[in-house]
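> Quick one: sequence and predicted model below, then my questions.
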Amino acid sequence: MHAPDPHGLTFPFPEPPAPGQLIEVAPGIFWARIALPFRLDHVNIYLIEDGDGFAVIDTGIGDEATKQAWLALMAGALAGKRLTRLFVTHFHPDHIGLAGWLCERFGTPLLTSQTGYLGCLNISLSPGASEAPVYKQFYQRHGLSAEVTQVVSTLGHGYLRQVTPLPPTFTRVVAGDVLRIGGRDFFVLAGDGHAPEQLMFHCPEANVFLAADQVLAKITPNISVWAVDAEGDPLGLYLRSLRALPQAIPPGTLVLPGHQLPFYGLQERCAALGAHHAERCRLIAGAVAKGPHSVAELVPVMFTRPLDPHQLSFAFSEVFAHVNAMLRLGELRWAEPEGGIMKVMAAG
């Protein structure tokens, strides 16, 4: 076992599995990695021995390269095995994108949350919905330029190209369920903030916690407010999850995340993620103490590096999540609009 990093985490598997290969991270539980064509260039897939085959956790995006990666696994490391069940943790395309193709190709049933299934179905069937004038007005009213607003409002089209059509039916999984997989019990948890009703799985017997994207070792999962839920509080929901997980999962449990390396140190990582977001809120408080700011004007307060329009769209949505959380807590309030632009100010 390798020494802890400065943040108190320990990484028992310092290198990820090579393409087409598996690493056994616990008895009967295997880790594969699928490439992504993004800055975050991979997603972790987990396979759990389940009778004469494997139950699968997540899929990768719905593109040709991912299909070929799965075909290589099925012809190689998984040769002669069937995919008994496909569990999808949440509706982001790197996790659900190939679900429809896998289920059809291998006759595998889909199990996921109702929110995940319907959320993916809604965006896939209505990729242009975010271009409606009411959504564009939302972004511009909070200070985004017309250029960035156009990028944000067309992201749905990219989503459609990254998701294969979902199966017409699925089996719902909810928090509190106990799944019997390969003779062991996996207890289902759910967390919000990064994605609504994101599923996670804890197997005490194997001493593993499949955390999806809720807790990652080196990066913070994206926590964003989107125009369809403009007054939502995803950061508040996320922080609630960070407080609950260390109580539900015993110390010393191996965390199997959706990205980066498996690690020990869930309690320490949840505390660090909470401190990270508290610091971001302090930065916003310091800025608005000098005068009202729009959400767009607060982006360089939280993100100091140059951002292209695509990156700026996600940064804006992250800043908005912090603003909404501070509004809910009474730390900020809305100021009088300036030139049609909404701005926040210190509540005191």
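Good, I have the coordinates. Numbers count the residues shown, from 1 in each chain.
> so Leu189 sits right up against Ala175, yeah?
Yes - counting by Cβ atoms under 8 Å, Ala175 is a contact partner of Leu189 at 5.7 Å. The C-beta positions use only the backbone N, C-alpha and C, and glycine is treated the same way.
> shared neighbours of these two, which are they?
Counting by Cβ atoms under 8 Å, 6 or more residues apart in numbering, the residues touching both Leu189 and Ala175 are Leu199.
> Looking at these two now, which is surrounded by more residues?
The neighbour comparison of Leu189 against Ala175 (other Cβ atoms under 10 Å) goes to Leu189, with 22 against 13.
> dump the residue contacts of the residue nearest to Gly51 when sequence neighbours are not counted.
In space, and not counting its chain neighbours, Gly51 is closest to Thr84: 6.3 Å by Cβ to Cβ, 6 or more residues apart in numbering. Counting by Cβ under 8 Å, 6+ apart, Thr84 touches Asp50, Gly51, Asp52, Gly53, Phe54, Ala55, Thr108.
> and Pro309, what is it in contact with?
Per Cβ under 8 Å, 6+ apart, neighbours of Pro309: Glu147, Val148, Val151.
> Confirm that the first one sits in a strand.
Pointing back at Glu147 there. No - secondary structure of Glu147, determined by DSSP: H, G, I helix; E, B strand; the rest coil: helix, with no strand assignment.
> Counting neighbours, what do you get for it?
Counted with other Cβ under 10 Å, Glu147 comes out at 9.
> Ramachandran angles for the closest residue to it other than its chain neighbours?
Of all residues not flanking Glu147 in the chain, Pro309 sits nearest, at 5.9 Å (Cβ to Cβ, 6+ apart). Here is the backbone geometry of Pro309 (degrees, to the nearest 10): phi -60, psi -40.
> My reading is that the residue nearest to Gly51 lies in a strand. Confirm?
Yes - inclusion of Thr84 in a strand is indicated when three-state DSSP is applied.
> need the helices for the stretch 51-200 of the chain, in chain order.
Assigned by DSSP state H, counting those that start in this stretch, the helices in the stretch 51-200 of the chain fall at 64-75, 93-96, 99-106, 114-125, 133-141, 146-153, 155-161.
> and of these, who's closest to Leu179?
Evaluated over these, closeness to Leu179 peaks at helix 114-125, with 15.5 Å, by Cβ to Cβ.
> Tell me the predicted confidence for Arg161.
pLDDT recorded at Arg161 is 75.
> same thing with His7?
pLDDT at His7 comes out at 65.
> next one: Gln140
The model's pLDDT for Gln140 equals 94.
> ok, now which ones touch the most centrally placed residue in the chain?
Centroid-nearest residue in the chain: Asp213, 4.2 Å away (criterion: Cα atoms, centre = their mean). Applying Cβ under 8 Å, 6+ apart to Asp213 gives the contacts Thr89, His90, His92, His95, His194, Ala195, Gln198, Pro221, Pro257, Gly258, His259.
> For His90, see how far away it is.
Asp213 sits 7 Å away from His90, going by Cβ to Cβ, to the nearest Å.
> Overlap in contacts, the two.
His194, Ala195, Gln198.
> The second one contacts Cys120, correct?
No - because the distance of 10.3 Å does not satisfy Cβ under 8 Å, Ala195 is recorded as not touching Cys120.
> what do these two both touch?
Common neighbours of Ala195 and Cys120 (Cβ under 8 Å, 6+ apart) are Phe91.
> still on that earlier bit, any chance of a markdown table for the shared contacts of Asp213 and His90, columns distance to Ser113, neighbour count and pLDDT?
Output for the shared contacts of Asp213 and His90, formatted as a markdown table (distance: Cβ to Cβ, whole Å; neighbours: other Cβ atoms under 10 Å; pLDDT from 0 to 100):
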| residue | distance to Ser113 | neighbour count | pLDDT |
| --- | --- | --- | --- |
| His194 | 13 | 23 | 96 |
| Ala195 | 9 | 26 | 96 |
| Gln198 | 8 | 27 | 98 |
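> List just the nearest of the contacts of Thr84 to Ala346.
Ala55 (50.6 Å).
> For the closest one, list each beta-bridge partner.
Bridge pairing for Ala55 (DSSP bridges) gives the partners Ile48, Arg85.
> and if you look at Trp31?
Applying DSSP bridges, one finds that Trp31 bridges with Ile23, Tyr46.
> Can you get me a residue count around it?
21.
> Contacts only, for it.
Counted by Cβ under 8 Å, 6+ apart, Trp31 has contacts Phe13, Pro16, Pro17, Leu22, Ile23, Glu24, Val25, Asn44, Ile45, Tyr46, Leu256, Pro262.
> shaky segments in the protein?
1-7, 127-130, 155-157, 159-160 (pLDDT under 70).
> now do 50
1-4 (pLDDT under 50).
> which helix is the longest one in it?
Ranked by number of residues, the top helix in the chain under DSSP state H is helix 266-288.
> Reformat the contacts of Thr84 as a markdown table; add neighbour count and distance to Gln162.
Shown next, in a markdown table, are these (neighbours: other Cβ atoms under 10 Å; distance: Cβ to Cβ, whole Å):
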| residue | neighbour count | distance to Gln162 |
| --- | --- | --- |
| Asp50 | 20 | 27 |
| Gly51 | 12 | 31 |
| Asp52 | 9 | 32 |
| Gly53 | 19 | 27 |
| Phe54 | 26 | 24 |
| Ala55 | 23 | 24 |
| Thr108 | 20 | 20 |
